[in-house]
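Asker: Take this sequence and fold it.
(one chain, ligands or ions: 2)
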Amino acid sequence: MLQIEERRDLRGEVRVPGDKSISHRAVMFGAIAEGRSRVEGFLPGKDCLSTIECFRRMGVNIHRKGPTSLIVEGRGWEGLQEPKTVLDVGNSGTTIRLMLGVLAGRPFHATVLGDESIGRRPMNRVVEPLRLMGAQVDGRSQGSFTPLSVRGGNLTGMIHRSRVASAQVKSSLLLAGLQGKGVTRVEEPALSRDHTERMLGAFGVKVDRDSPRSVSVAGGQVLQARDVRVPGDISSAAFLLVAALLVPGSRLTIRGVGLNPTRTGILDVLRRMGGELEIHPTGEWNGEPVGDITVSHSSLTAVEIGGELIPRLIDEIPVLAVAATQAAGHTVIRDAAELKVKETNRIAATAQELRKLGARVEETEDGLVIEGKTPLTGGPCDSHGDHRIGMAMAVAGLLATGRTTVTQAEAIGISFPGFSTLLEEL
Ligand SMILES: O=C(O)C1=C[C@@H](OP(=O)(O)O)[C@@H](O)[C@H](O)C1
Ligand SMILES: C=C(OP(=O)(O)O)C(=O)O
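Answerer: Residues are numbered from 1 along each chain as shown. Ligands and ions are numbered 1, 2, ... in the order given. Model prediction:
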């Protein structure tokens, strides 16, 4: 259980752990590449450790050289081996969906499963197109849910028009497409995070950005090993940004944060709300922009958000809702139905937990309406086993009067190991 006391002035200069999306891809792409890749700044969160374990089970040697440093001995596509035991992705949607794209083209059988939460998340969004490309996939409810059983095959490229803006779907199909005949193109309703496109490029793959919402790869391409330096995770930084905006007297600098424009929706919205944020780009690490962010306590006003902005801040919505409780007016979040199929139903969990502290939050079909400014009163909350809900409630606890407790707080280690220690040090 995490205990949080009301705080004054969060001050200092910090770094956040490595980007989760980029860490997963560094391990996977390193594993299927030819040669040895070194990864620095890797996120040692539980989800990324699940990715390491799954690829080890396919015969890939991955050496941990320290908490955030790895060597991946790539085996090339052909070198991946049939796993002798199940591939357990734990709580990680990114691991399972991207790995299914890899498995779809491998000439062996694999059984894939995860925890209870993974068992509720829709897999048909990747299973159906992968079947159309030629993979054999079966599983619970006709392969819509884990456990899944995959026998990879000879794949043929296809054009897939995704109903959802999902980087996991896009990445899975591109990974399958690289192993298939012909071209695979993925079109999405709005641009989702593009780390796969950027990192495949860095590994020597030709990726065509046909239009802002459409990307394609030709099959038969090989990845060449390369070293990856992982920027700090802007999704983790978001918790500290919101905390510093809301706690009076705060001023905080976060260094070395990824500033990929497909991920910076949270910065745009916090600024629109009146948040004082200074953003200093410092360079590019393997095709990913990086910089420092300084944030100061600010008074906020409500905003309405939806449309193409949503995929650019999808994981930040629970903590954005915390910010909205302190913004004057009604904050309206729409077009975010995808939140219902994350680790938990994040629309319901955010509303339920924030209300426990006195927030005025209404659930809608595809989002939330939050009324501010509302004083929060400390009390017992629960993470629902969802790291982002746990951290959002911890941030709420920093401004709520008295003491807030968060049960099932161990979930935070999925993406932000050291979160509570870092908060204490500020
Ligand atoms: O590709 C990725 O690394 C991710 C994509 C997003 O999911 P969807 O692709 O389901 O939107 C995001 O919510 C998740 O945390 C990580
Ligand atoms: C949704 C998330 O991750 P995943 O889909 O990889 O489980 C997240 O980290 O918020």
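Asker: rest of the way, CA atoms for contacts and neighbours
Answerer: Fine.
Asker: List the contacts of the residue in the stretch 1-150 of the chain positioned nearest to ligand 1.
Answerer: Minimum separation of the stretch 1-150 of the chain from ligand 1 (Cα to the nearest ligand atom) falls at Ser21, amounting to 3.7 Å. Applying Cα atoms under 8 Å, 6 or more residues apart in numbering, we find Ser21 in contact with 94, 195.
Asker: any idea how far it is from ligand 2?
Answerer: Distance of Ser21 to ligand 2, given as Cα to the nearest ligand atom, to the nearest Å: 8 Å.
Asker: Please give the element, helix or strand, for that residue.
Answerer: Assessed by DSSP states H and E, Ser21 sits inside helix 20-32.
Asker: Could the C-alpha coordinates of that helix be exported in PDB?
Answerer: The C-alpha coordinates for helix 20-32 follow below in PDB (Å, rounded to 0.1, in the frame of the first residue of the first chain):
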ATOM      1  CA  LYS A  20       8.200   1.800 -22.100                       C
ATOM      2  CA  SER A  21       7.200   1.700 -25.800                       C
ATOM      3  CA  ILE A  22      10.800   2.300 -27.000                       C
ATOM      4  CA  SER A  23      12.200  -0.200 -24.500                       C
ATOM      5  CA  HIS A  24       9.900  -3.000 -25.700                       C
ATOM      6  CA  ARG A  25      10.800  -2.300 -29.300                       C
ATOM      7  CA  ALA A  26      14.500  -2.200 -28.600                       C
ATOM      8  CA  VAL A  27      14.400  -5.700 -27.100                       C
ATOM      9  CA  MET A  28      12.200  -7.100 -29.900                       C
ATOM     10  CA  PHE A  29      13.900  -5.500 -32.800                       C
ATOM     11  CA  GLY A  30      17.300  -6.300 -31.300                       C
ATOM     12  CA  ALA A  31      16.200 -10.000 -31.000                       C
ATOM     13  CA  ILE A  32      15.000 -10.300 -34.700                       C
END
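Asker: average model confidence for it?
Answerer: For helix 20-32, mean pLDDT rounds to 98.
Asker: Would you mind identifying the next helix or strand past it?
Answerer: Once the chain leaves helix 20-32, the next helix or strand it forms, by DSSP H and E, is strand 34-40.
Asker: is the helix or strand following that next one up against ligand 2 anywhere?
Answerer: Per DSSP H and E, the first helix or strand lying C-terminal to strand 34-40 is helix 46-56. No. Applying Cα under 6 Å from any ligand atom, one finds helix 46-56 separated from ligand 2 by no less than 7.2 Å.
Asker: What is helix 46-56 packed up against?
Answerer: When contacts are defined as 3 or more Cα pairs under 8 Å, 6 or more residues apart in numbering; DSSP states H and E, helix 46-56 sits against helix 20-32, strand 87-88, helix 93-103.
Asker: please redo it, this time with the cut-off set to 10 Å
Answerer: helix 20-32, strand 61-66, strand 69-75, strand 87-88, helix 93-103 (3 or more Cα pairs under 10 Å, 6 or more residues apart in numbering; DSSP states H and E).
Asker: got the residues of the stretch 301-426 of the chain near ligand 1?
Answerer: Residues of the stretch 301-426 of the chain lying near ligand 1 by Cα under 6 Å from any ligand atom: 314-315.
Asker: can you map out the helices along the stretch 301-426 of the chain?
Answerer: 317-325, 346-356, 387-399, 419-425 (DSSP state H, counting those that start in this stretch).
Asker: Just put those in TSV and tack on mean pLDDT and mean neighbour count.
Answerer: Formatted as TSV, those follow (pLDDT from 0 to 100; neighbours: other Cα atoms under 10 Å):
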stretch	mean pLDDT	mean neighbour count
helix 317-325	98	27
helix 346-356	98	21
helix 387-399	98	27
helix 419-425	95	13
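Asker: Relative to ligand 2, which of those is closest?
Answerer: Of the helices of the stretch 301-426 of the chain, nearest to ligand 2 by Cα to the nearest ligand atom is helix 387-399, at 6.2 Å.
Asker: Run the angle between that closest one and helix 346-356 for me.
Answerer: Comparing the axes of helix 387-399 and helix 346-356 via axes from the mean of the first three to the mean of the last three Cα atoms, to 10 degrees yields an angle of 20 degrees.
Asker: show me what contacts Asp47?
Answerer: For Asp47, the contact set (Cα atoms under 10 Å, 6 or more residues apart in numbering) comprises 20-21, 23-24, 89-95, 413-415.
Asker: Swap in 8 Å and give it another go.
Answerer: 89-92, 95, 414-415.
Asker: ditto for Ala135
Answerer: 104-105, 150-155.
Asker: What subset of those residues is buried?
Answerer: Buried residues within the contacts of Ala135, counting neighbours by 16 or more other Cα atoms under 10 Å: 104-105, 150-153, 155.
Asker: Near Ala237, how many other residues are there?
Answerer: Residues lying near Ala237 (other Cα atoms under 10 Å) number 23.
Asker: For the protein, list the residues in contact with ligand 2, please.
Answerer: By Cα under 6 Å from any ligand atom, the residues of the chain that approach ligand 2 are 91-94, 315, 342-343.
Asker: if we go to 8 Å?
Answerer: Residues of the chain lying close to ligand 2 by Cα under 8 Å from any ligand atom are 20-21, 47, 91-95, 118, 168, 314-316, 342-343, 387-388, 414-415.
Asker: Put the buried members of those into a ChimeraX selection.
Answerer: The following ChimeraX line selects those of the residues of the chain next to ligand 2 that are buried, judged by 16+ other Cα under 10 Å:
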select :20,21,47,91,92,93,94,95,118,168,314,315,316,342,343,387,388,414,415
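Asker: Report the closest residue of the stretch 251-400 of the chain relative to ligand 1.
Answerer: For the stretch 251-400 of the chain, Cα to the nearest ligand atom, closest residue to ligand 1: Asp315, 5.3 Å.
Asker: What's the separation between that residue and Gly180?
Answerer: Look at Asp315 and Gly180: by Cα to Cα, to the nearest Å, they are 32 Å apart.
Asker: List, one by one, the residues from the stretch 101-250 of the chain near ligand 1.
Answerer: So the stretch 101-250 of the chain meets ligand 1 at 164-171, 192-193, 195-196 (Cα under 8 Å from any ligand atom).
Asker: Now tabulate those in JSON lines and tack on distance to Ala31, secondary structure and pLDDT.
Answerer: Shown next, in JSON lines, are these (distance: Cα to Cα, whole Å; DSSP: H, G, I helix; E, B strand; the rest coil; pLDDT from 0 to 100):
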{"residue": "Val164", "distance to Ala31": "28", "secondary structure": "coil", "pLDDT": "97"}
{"residue": "Ala165", "distance to Ala31": "26", "secondary structure": "coil", "pLDDT": "98"}
{"residue": "Ser166", "distance to Ala31": "23", "secondary structure": "coil", "pLDDT": "98"}
{"residue": "Ala167", "distance to Ala31": "20", "secondary structure": "helix", "pLDDT": "98"}
{"residue": "Gln168", "distance to Ala31": "18", "secondary structure": "helix", "pLDDT": "98"}
{"residue": "Val169", "distance to Ala31": "20", "secondary structure": "helix", "pLDDT": "98"}
{"residue": "Lys170", "distance to Ala31": "19", "secondary structure": "helix", "pLDDT": "98"}
{"residue": "Ser171", "distance to Ala31": "15", "secondary structure": "helix", "pLDDT": "99"}
{"residue": "Ser192", "distance to Ala31": "24", "secondary structure": "coil", "pLDDT": "98"}
{"residue": "Arg193", "distance to Ala31": "21", "secondary structure": "coil", "pLDDT": "98"}
{"residue": "His195", "distance to Ala31": "17", "secondary structure": "helix", "pLDDT": "98"}
{"residue": "Thr196", "distance to Ala31": "14", "secondary structure": "helix", "pLDDT": "98"}
